[in-house]
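A.B. asks: Need coordinates for the below:
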Amino acid sequence: MSQTFIITTAGRAALVNAANTGTNKVTITHIGVTASVFVANAAMIALPGEIKRLATFGGLVVADDIIHVTLNDESATNYTLRGFALYLSDGTLFGLFGSPTPIAEKTANSNVLMSADIGFVDVAAATIEFEGTGFLNPPATETVVGVLRLATNAEAQAGVVANAAITPKTLWFAFSAWVAAQLSDVWRASNDGSGSGMDADLLDGQHGAYFSNIPARLGYSPANKAGDTFSGPIRRDANFYADIQGDNPVISFDLNDYLYFNRVNNTYYFMIGGASRAALDASGLFQSGGQMTAAGQTVWNAGNDGSGSGSDADLLDGVQGSQFARSDVDAQHAYRAKGVPLTDPSIGTGGLWCVSATGLNVARNSTFYRVWDAGNDGAGSGLDADLLDGLQGDGYVRNNGVASAAKSAGAILAGHQALQGFGSAPIQLREVNYVGNVTNDAAYAPSIAFHWSGVAAAHLKMYADGSLRARTNNDDPGSYAPFYAATMVSNGGIVWHAANDGAGSGLDADLLDGQDGSFYTNVPARLGYTPANVADTWKPSNDGSGSGLDADLLDGYQGQYFIDLINSMFSAASNANGHVMRIGPWKIQIGIAMNVPADQKRTINFPEAFAAPPHWYNASGIGRAVFNSATEGQGEVEGTPTANQMVVCNNNSNGNPAINISWIAIAYA
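C.D. replies: Alright, predicted model coming up:
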């Protein structure tokens, strides 16, 4: 902590020679101590409350304006040290210092050892000499061996502090900071990349990671069209379609369940459990691998028809034929020369009689009548069952016959046959209870009804206003849809068509060509790139410094070019012998020789050989390439360094301890 030491008026007077032409050398011989609290001033001639004067002290001029003083009291005296004074050989009080707080506590069993560095503002320290019997521990300077603390990185970089030693580590830090400051506008591997501030490291002011994080930009994870797994549902609108390419496209629901389309035979296959369960071909033929049902009932086919099938066609009025066999009547069969009769004992006459001449006969009132068959059927047979209202069967339309205008010339009418409007139509339905040309008040519109068990009927009806209407729910009058109406409604909404579409129609179209409007506003997505804004297009007129251009190139070169350039110019390495730096063609090597004994030398092997003997750093005196931070001694270079090594020595002859010698060598590599 810095305090003020006062030189007395008498002390200053002792420094002036008798002729007032210069200064005298003065000798300090004693140090006085006190426990009193006082404020020192230049007029004082004695130390207030002085306890004793000590000759056991040491002093040394360590700089032009600094002296170092060390006090040592090994006596059994007890006191609190709060101040001290320096006395000249003639007893003059040269200067003094007082502290309001204790400096040290002296007891009978303890020693006081105090050191102070006193700096002078207007007094030459060289005019002061010391005569003491104590020891010294002065601060080290360029000429005085003493105590020296190590400089911090900040102090080494600032280069201002003169009383702190630099180490290879702090030297490297300071040198690196200097290089970085001198080459701050050159980009290289050590200052490139994220966070470097280089605008060429950004795209529109953003790092590459900003653009590579697509989900963060979109707000969701996009699907990979090459294949992806969806954890949620895939929703569609009414116009959604998927165009699945390939020879045999498949829509899979899981591994063995899928819909498969064979393009060779144009057939859909429904695969369940890895096997085809159903197929639909281009002709509309639907094939099922198992039984088909409709409304929960089995569909009958050639494979499940016949006796025991349960089919109602296998029954008579829903009853098996065995239910008609009567156990109380015995059928009688007897052979006759002219036929085999089947007799009925209950009536006493034959029921059926097969005669070779007339064929099968049936008995009625004891008379047998011939049964009509293919041999006696046809025109002229007299069989009324051969005609319908006197017409042969070919006079009527048959659903399995050939279309013929002659067979469909007549009309099938319901009710009155009067021709009205479309009266020539082959099939006509009229209102019920039609009277003349007037519709009965209780009439119902002509209609076709469609029924399904358990479901309300659906109707197609014609109304008195001439409209043809349909409804799907017999219990909901609002479900009628008139086909003639100018505006048709479906589920409460207007049906849009060519006559009411277009501008002003009010149609809220959700899609354009099957795409939402956002599809077209996302121009970069449609193009596959971001189009240039002509207003922001860079050209010679707006290029250069201050243009704000987020350049991909610098003077026509990619950033990597400059990184490689700097790497080729500047590099660093280290090994057990020291550190190596390269700046262009120059090589700088630094290191430290630890604990070199007094009057001893040590050979330094350079971390890397130079191409030629290097130059060395002249620290203090010609030929010196080293400096040290030890208490005593001076390191020097012995002889001339070679390309591979140099020799340093501890140039001490007074037996002081070993020192650490730092060295630096520079050469054109």
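A.B. asks: Tell me the pLDDT of Ala108.
C.D. replies: Listed pLDDT for Ala108 reads 88.
A.B. asks: Number the residues from 332 up from this point.
C.D. replies: New numbering, starting at 332: the last item is Ala439.
A.B. asks: distance of it from Ala407?
C.D. replies: Ala439 sits 4 Å away from Ala407, going by CB to CB, to the nearest Å. Heads up, the C-betas are built off the backbone N, CA and C, glycines and all.
A.B. asks: Ok, Val347 next?
C.D. replies: 41 Å.
A.B. asks: do the same with Ser821
C.D. replies: Ser821 sits 120 Å away from Ala407, going by CB to CB.
A.B. asks: Likewise for Gly558?
C.D. replies: According to CB to CB, Gly558 stands 96 Å off from Ala407.
A.B. asks: out of the two, which sits in the busier spot?
C.D. replies: With neighbours defined as other CB atoms under 10 Å, Gly558 and Ala407 compare such that Ala407 has more, 10 against 6.
A.B. asks: Look at the more buried one and report its pLDDT.
C.D. replies: In the predicted model, Ala407 carries a pLDDT score of 88.
A.B. asks: Could you do Ser430 as well?
C.D. replies: Ser430 is assigned a pLDDT of 91 by the prediction.
A.B. asks: so who does it touch?
C.D. replies: 334, 368, 413-414 (CB atoms under 8 Å, 6 or more residues apart in numbering).
A.B. asks: ranking those by neighbours, who comes first?
C.D. replies: Taking other CB under 10 Å as the neighbour criterion, Gly414 ranks highest of the contacts of Ser430 with 23 neighbours.
A.B. asks: any idea how far Thr339 is from the closest residue to it other than its chain neighbours?
C.D. replies: The shortest distance from Gly414 to any non-neighbouring residue, by CB to CB, 6 or more residues apart in numbering, is to Gly429 (3.9 Å). If you measure Gly429 against Thr339 using CB to CB, the figure is 13 Å.
A.B. asks: same check, this time on Ala394
C.D. replies: When CB to CB is the yardstick, Ala394 and Thr339 sit 22 Å from each other.
A.B. asks: CA atoms only for the host helix or strand of Ala344, dumped as CSV, please.
C.D. replies: Element membership for Ala344 (DSSP states H and E) is helix 340-346. As requested, the backbone C-alpha atoms of helix 340-346 are provided in CSV (Å, rounded to 0.1, in the frame of the first residue of the first chain):
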residue,chain,number,x,y,z
THR,A,340,13.8,20.6,6.0
ALA,A,341,17.1,19.6,7.8
GLY,A,342,17.4,16.5,5.6
ARG,A,343,17.1,18.6,2.4
ALA,A,344,19.6,21.1,3.7
ALA,A,345,22.1,18.3,4.3
LEU,A,346,21.9,17.3,0.6
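A.B. asks: what sits up against it?
C.D. replies: 354-355, 357, 373-374, 376, 417, 419, 421, 423-426, 454, 458.
A.B. asks: who wins for most neighbours among these?
C.D. replies: With neighbours set by other CB under 10 Å, the maximum within these is found at Leu417, which has 28 neighbours.
A.B. asks: Would you agree that residue is in contact with Leu402?
C.D. replies: No: taking CB atoms under 8 Å as the contact criterion, Leu417 and Leu402 are not neighbours in contact, 10.2 Å apart.
A.B. asks: and for these two, which residues touch both?
C.D. replies: Listed as contacting both Leu417 and Leu402 by CB under 8 Å, 6+ apart are Ile362.
A.B. asks: Tyr892 sits in which helix or strand?
C.D. replies: In this structure, Tyr892 sits in helix 890-900 according to DSSP H and E.
A.B. asks: What residues sit buried inside that helix?
C.D. replies: Neighbour counts using 16 or more other CB atoms under 10 Å place 890, 893-894, 897 of helix 890-900 among the buried residues.
A.B. asks: For the helix holding Ala344, give the mean pLDDT please.
C.D. replies: For helix 340-346, the mean pLDDT works out to 88.
A.B. asks: swap in stretch 605-624?
C.D. replies: Along stretch 605-624, the predicted confidence averages to a pLDDT of 87.
A.B. asks: Alpha carbons of the helix or strand containing His399, in PDB - could you do that?
C.D. replies: In this assignment (DSSP H and E), His399 forms part of strand 397-404. Output of strand 397-404 as PDB, limited to C-alpha atoms (Å, rounded to 0.1, in the frame of the first residue of the first chain):
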ATOM      1  CA  ILE A 397      14.000   4.700  -5.300                       C
ATOM      2  CA  ILE A 398      15.700   3.500  -2.200                       C
ATOM      3  CA  HIS A 399      15.100   0.100  -0.500                       C
ATOM      4  CA  VAL A 400      15.300   0.000   3.400                       C
ATOM      5  CA  THR A 401      15.100  -3.100   5.500                       C
ATOM      6  CA  LEU A 402      14.700  -2.900   9.400                       C
ATOM      7  CA  ASN A 403      15.500  -5.800  11.700                       C
ATOM      8  CA  ASP A 404      14.800  -5.800  15.500                       C
END
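A.B. asks: following it, which helix or strand comes up?
C.D. replies: The C-terminal neighbour of strand 397-404 among helices and strands, as given by DSSP H and E, is strand 410-412.
A.B. asks: what's the angle from the very next helix or strand once past that next one to strand 397-404?
C.D. replies: Using DSSP H and E, the helix or strand that directly follows strand 410-412 along the chain is strand 414-419. Taking axes from the mean of the first three to the mean of the last three CA atoms, to 10 degrees, strand 414-419 and strand 397-404 form an angle of 110 degrees between their directions.
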